[in-house]
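**Q** Structure for the following, please:
(chains A and B)
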Amino acid sequence: MSSWLKDHSRTPFTFQRQSWEKIYNGYSGMVVAPTGFGKTYSVFIGILIDYMNRPQSYKKGLKLIWITPLRSLAKDLARAMQEAIDQIGLDWVVEVRNGDTDIKIKQRQSKQMPDVLLLTPESLHLLIAQKGRDKFFAHLKAIVIDEWHELLSSKRGVMVELATAFLRSQRPQLLIWGITATIGNLDEAMQVLIPYDVKKIKIVAKEKKLIDIISVFPPEIEILPWAGHLGGKLGDQVVPIILDSKSTIVFTNTRSQSEYWYQILLDAYPDFAGQLALHHSSIDINIRNWIEEALSEGRLKAVVSTSSLDLGVDFKPVDTVVQIGSSKGVARFMQRAGRSGHSPYAVSKIYFVPTHSLELIEVSALKEAVKTNLIESREPIVLCYDVLVQFLVTVALGGGFTKEEFYSVIQSTYSFQWMTAEDWDWCISFITVGGKIGRNYEEFHKVVKNEEGLYVVEKRRIAMLHRMNIGVIVSDAMLKVKFLGGGYIGMVEEYFISKLKAGDKFILAGRVLEFIRMKEMTAYVRASQGKAITPSWLGGRLPLSSNLSALLRKKLAESKNPAAREKELRFLHPLVASQVDKSHIPSEDEFLVEKIKTKEGYHLFMYPFEGRLIHEVMSSLMAYRISQLYPISFSMAMNDYGFELFSDTDIELSEDQLKYILRKEDMMKDVTASINAAEMAKRKFRDIAVIGGYVIQNQYGKQQNNRSLQASSGIIFQVLEEHEPNNLLLRQAYTEVFNQQLEEPRLVQAFERINSSTIIYKFTDSFTPLSFPIKVDSLRQSLSSEDLSARIQRMQEQSKRLNRKRR
Amino acid sequence: MIIHEQEITWAAHKLTLTNQKAIYWEKQKTLILSDLHLGKAAHFRRHGIPIPSQIHHKDLDILEKLILHYQVDKVIIVGDLIHANQNGEVLDFKNFLQRFKEVQFLLIKGNHDRIAERKIMDLGIAGIYDSYELDGLCFVHEPQPCEGKLISGHIHPGVTVRLPTNKHFRLPSFVVSEDMIILPAFSRFTGLDTKQVVQKAVNYAVLDTGIMVIK
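**A** Numbers count the residues shown, from 1 in each chain, chains lettered A, B, ... in the order given. Sure, this is the predicted structure:
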């Protein structure tokens, strides 16, 4: 082994040596290291070393399961592992098994497993669903979960927890190792993966990835900033960045933004044609694969992408990353920065391009976060019953389980440690008789108890349907977009296409397409030219992390007297001065409320800086509380910094009344009254219904009646609300609303902070630099883009005129 | 259950739209409804999807109350009586029909009605047709351009109603144009199509508390 290391002129990092030693000593654990420092080799080589030292303790068959969150990661990883094995001179075989694997190879694997198998959480569950699975795992030594931070706070993480508990019930000596990037709650992350009473250790690499953050400043500062507008102007400044780099990834936050920037860059520098690509999750998977390959081989100058390239294989030629607009979180920003400069000690270079000048505050905040290593936590998901009931059927399918024994297996996981015996009973009756009340579920026999007392699946059609639908990734109702003469372009949400008329033009995958007709879940188009709309995709809006929002408040407060180093804040000075002149810049212990009267009506702006999702809840709470004082109706708008209540009648609010509506007392009670919890739960139930098996996502075969099993989750939600209100999956939908959508703990914190702040209440007669972007965002939703530009200009003119008058 | 009514004059006939998703035609003492989708919940259960059976019983309850309320002689079901296969819930309907021997049940065949006609007749259905005419009105399952005045179903029409507060509701509706009526799906276990566009049509959206006219 040491000769192998010497041959490859590698000196192992301390954390690698440490993990080798611990694995040899029978520990489980978690390795925390930045990308590019050989995380993989820490654990993988450790297992090889253990094998070379005591080969007798390893039997023929599968020895190591390696979980990666992405299929695309597996192939390259397997190649690297096999290379290392061959060079060291061992006879182990490394193979991949997932949705892309050829059926013949899968069959061969089922007969004879390789020594190392790379899986996704889904393909591991599928393996557990196989008949005769026990022999697969008979000699399993270890399971490794790569990129654990990516899985941790998702339902896929729960899948990993359950599968690990199952494997451990088969192989009590199983070693469990996680590999993760730095997150805010590392100890918890390890506890979730290894909640068991075994020898375990957390190994943190001392090596740090260096990140160089460079702001792209607009040529001039606008006093009234508005989101999206800067794009066109800054395109010219992004071109030289791309030209000066070997290869660049341009990250945007939404698919529509990526389409927009692809056009901007092409317009700004037409020679990019052929060297610039567009990558997002609605683009045909084959095209995406081609782009990724071209990027690795250095054939592309730049790729405009969304979070679709956040993860995945290393693109060696990429030496520069550009972030367009807010990244909404420190971790995501660092992750994206890390996509450039891969080798250890190389500096990752990231340019930040603001979409409106206020976003420069965020650069200042991000710089500080990176310096102080203030990274978000990833909260694990608990009591996720939809995943559990799916898993129970999976286990039943591959050979069954007994109710008593499996209860303790499930309870040994982090996610289900608080599950009650009563809830366990419900889960069992859900998969056997359909629910609590037997007679209502006649003819339901998904899982049955056989003569040996094992819960198993007997019906072939149920088995097939279940196998096809294992997993927790729920896709939206998407339509294929195809050319009339064939040729697939990508996917668009049904809701977007439904608004189009024949002849309308839209942009997808960087092309202008003319809509012709819809037929059988496919939209037919022909290539076109000229003005076109960019589809807006649902769910593209990322929440702002609470770490970042706290830093934003701090930096905004500092912007009044910026330190010399704070280039971004100094640049913003004219804007800040105007905000001070018209209204106020809140300090960290202040909360700013602006009441603005314009020709259109009355606006109330508040600035909690908690992100759009929290503001959605807060604004409806404020509207509700004001309407308790006197009858009034509002329309609402928000961005990540604040929100607006707008009314055409005067919003009369004394300072005392303002304090009263901002009170923290009865907060959750009023939130519940002000929102439509059932409606929100219904939306959450969409995913739950698919995962829990109410809605079939994938059908087998092309049998004639395959539409006859389709029902929307909305209908099922209503049926359950009416007939089985205590259904655990239904209750889970409400829990998810309160924990994830309303972020109850964070909301409570925000109100506590506001209540201990000094409330600054300002009146003006024109928009302020802080309020303007929110107002523009609200207009955006109701106007086509042409009207928008004209109208914003008018508003800016009006404000300026008023200003001049005042002076 | 309260039956709310909306009378319309259509093709020179007086028809009563009800918020229970059926039309009463007084002159013919006939109840017209569509898309009952019998056995759908049971079909789901057989494939391992636990849908409670109350939803099916509730559909039949409402049908029973409508028949008794209007004292009808005839029920015309404009297609999709049976969702998929013959199962327990479909056989329930046989018992149901036994209690109304004096009422004539007619079925206009829908795309879902794929089980053998003999089996449908065995349930107690008096006649099965691809299309059917009565007193100048034509009944066909799927809406299609035709010479005369057409009553159909199939698409499960609905409308989206927006409130000033930006909330919106989707409601089942009768789509009524000059030449065509499209019935809402009678079954509660069905989806809604709010995208259908019929030229110059009026939607009569149904609620528990009444009927809302949306032009």
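**Q** any idea how far chain B is from residue A:564?
**A** For residue A:564, the distance to chain B (CB to the nearest CB, to the nearest Å) stands at 47 Å. Quick note: C-beta positions are derived from backbone N, CA and C, even for glycine.
**Q** same question, residue A:269
**A** Computed as CB to the nearest CB, the residue A:269 to chain B distance reads 41 Å.
**Q** Might one say that that residue is in contact with residue A:239?
**A** Yes: counting by CB atoms under 8 Å, residue A:239 is a contact partner of residue A:269 at 4.6 Å.
**Q** which parts of the stretch 501-650 of chain A sit against chain B?
**A** Residues of the stretch 501-650 of chain A lying close to chain B (CB under 8 Å from any CB of the partner chain) are A:633, A:635.
**Q** which element is the residue in the stretch 501-650 of chain A that chain B sits nearest to on?
**A** Residue nearest to chain B within the stretch 501-650 of chain A (CB to the nearest CB): residue A:633, separated by 6.5 Å. Using DSSP states H and E, residue A:633 sits in no helix or strand.
**Q** what's the burial count for it?
**A** 13 (other CB atoms under 10 Å in any protein chain shown).
**Q** What's the per-residue pLDDT of it here?
**A** At residue A:633, the predicted lDDT confidence score is 79.
**Q** quick one: pLDDT of residue 59?
**A** If you meant another chain, say so; for now it's chain A. At residue A:59, pLDDT is 91.
**Q** I was thinking of chain B, sorry if that wasn't clear
**A** pLDDT, residue B:59: 94.
**Q** which parts of chain B sit against chain A?
**A** B:40, B:42-55, B:83-84, B:87-88, B:112, B:114, B:164-167, B:188-191, B:195.
**Q** just for chain B, where's the confidence low?
**A** Low-confidence segments of chain B (pLDDT under 70): B:163-168, B:196.
**Q** Residue of it closest to chain A, please.
**A** For chain B, CB to the nearest CB, closest residue to chain A: residue B:50, 3.1 Å.
**Q** residue contacts, that residue?
**A** A:430, A:433-435, A:441, A:444, A:446, A:694, B:44 (CB atoms under 8 Å, 6 or more residues apart in numbering or on different chains).
**Q** Specify the local secondary structure of it.
**A** Here residue B:50 is coil, with the state taken from DSSP: H, G, I helix; E, B strand; the rest coil.
**Q** for residue B:32, same thing?
**A** strand.
**Q** For residue A:625, give me the pLDDT.
**A** 93.
**Q** Which neighbouring elements make contact with the helix or strand hosting residue A:678?
**A** Assigned by DSSP H and E, residue A:678 belongs to helix A:677-692. Here helix A:677-692 touches helix A:385-397, helix A:713-723, helix A:728-736, going by 3 or more CB pairs under 8 Å, 6 or more residues apart in numbering or on different chains; DSSP states H and E.
**Q** Pick the most deeply packed of these.
**A** Highest mean neighbour count among these (mean count of other CB atoms under 10 Å in any protein chain shown): helix A:385-397, with a mean of 25.
**Q** now the very next helix or strand once past it: how far from the chain's centre is it?
**A** Heading C-terminal from helix A:385-397, the first helix or strand you meet, by DSSP H and E, is helix A:403-411. Computed by CA atoms, centre = their mean, to the nearest Å, the separation of helix A:403-411 from the middle of its chain amounts to 31 Å.
**Q** what's next to helix A:403-411, contact-wise?
**A** A:162, A:165-166, A:168-169, A:388, A:392, A:395, A:401, A:416-417, A:419, A:421, A:424, A:428, A:455.
**Q** Helix, strand, or coil at the residue nearest to residue A:556 when sequence neighbours are not counted?
**A** Counting by CB to CB, 6 or more residues apart in numbering or on different chains, residue A:556 lies nearest to residue A:361, which is 5.7 Å off, once chain neighbours are set aside. What three-state DSSP gives for residue A:361 is helix.
**Q** Tell me the pLDDT of residue A:361.
**A** 90.
**Q** likewise residue A:236?
**A** 88.
**Q** So residue A:311 lies in a helix, does it not?
**A** No: under three-state DSSP, residue A:311 sits outside any helix and is assigned coil.
**Q** Isn't it up against residue A:69?
**A** Yes: with contact defined as CB under 8 Å, residue A:311 and residue A:69 form a contacting pair (6.7 Å).
**Q** Looking at those two now, which is surrounded by more residues?
**A** Ranked by neighbour count (other CB under 10 Å), residue A:311 and residue A:69 place residue A:69 first, with 22 against 15.
**Q** So what does the more buried one have for phi and psi?
**A** phi -70, psi -20 (degrees, to the nearest 10).
**Q** What spatial separation is found between it and residue A:381?
**A** 15 Å (CB to CB, to the nearest Å).
**Q** Which strands and helices lie in contact with the longest strand seen in chain B?
**A** The single longest strand within chain B, with elements called by DSSP state E, is strand B:168-176. Counting contacts by 3+ CB pairs under 8 Å, 6+ apart, strand B:168-176 packs against strand B:158-162, strand B:180-182, strand B:202-207.
**Q** hmm, back to that, please convert the buried members of the contacts of helix A:403-411 into PyMOL selection syntax.
**A** Here is the PyMOL command that picks out the buried ones among the contacts of helix A:403-411, judged by 16 or more other CB atoms under 10 Å in any protein chain shown:
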select buried, chain A and resi 162+165+166+168+169+388+392+395+401+416+419+424+428+455
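**Q** The closest residue to chain B within the stretch 1-150 of chain A: neighbour count?
**A** The nearest approach of the stretch 1-150 of chain A to chain B comes at residue A:129, 13.9 Å away (CB to the nearest CB). Neighbours of residue A:129 under the rule other CB under 10 Å: 21.
**Q** where does the residue of chain B closest to chain A sit relative to residue A:134, distance-wise?
**A** 29 Å.
**Q** Give me the pLDDT for residue A:700.
**A** 61.
**Q** Now do the spatially most central residue of chain B against residue B:171, distance only.
**A** Nearest to the mean C-alpha position of chain B, counting by CA atoms, centre = their mean, stands residue B:34 at 2.4 Å. Distance from residue B:34 to residue B:171, counting by CB to CB: 17 Å.
**Q** Next, the buried residues of stretch A:306-321.
**A** For stretch A:306-321, using 16+ other CB under 10 Å, the buried residues are A:306-309, A:312-313, A:315, A:317-321.
**Q** could those be laid out in a markdown table, adding pLDDT and secondary structure?
**A** As requested, the buried residues of stretch A:306-321 are exported to a markdown table (pLDDT from 0 to 100; DSSP: H, G, I helix; E, B strand; the rest coil):
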| residue | pLDDT | secondary structure |
| --- | --- | --- |
| A:306 | 87 | coil |
| A:307 | 84 | helix |
| A:308 | 84 | helix |
| A:309 | 86 | helix |
| A:312 | 73 | coil |
| A:313 | 73 | coil |
| A:315 | 85 | coil |
| A:317 | 89 | coil |
| A:318 | 91 | coil |
| A:319 | 91 | coil |
| A:320 | 93 | strand |
| A:321 | 95 | strand |
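**Q** can you tell me which of those residues lies nearest to residue A:544?
**A** Ranked by distance to residue A:544 (CB to CB), the buried residues of stretch A:306-321 are led by residue A:307 at 14.9 Å.
**Q** what about the closest one, distance to chain B?
**A** According to CB to the nearest CB, residue A:307 stands 28 Å off from chain B.
**Q** for residue A:684, same thing?
**A** For residue A:684 relative to chain B (CB to the nearest CB), the value is 17 Å.
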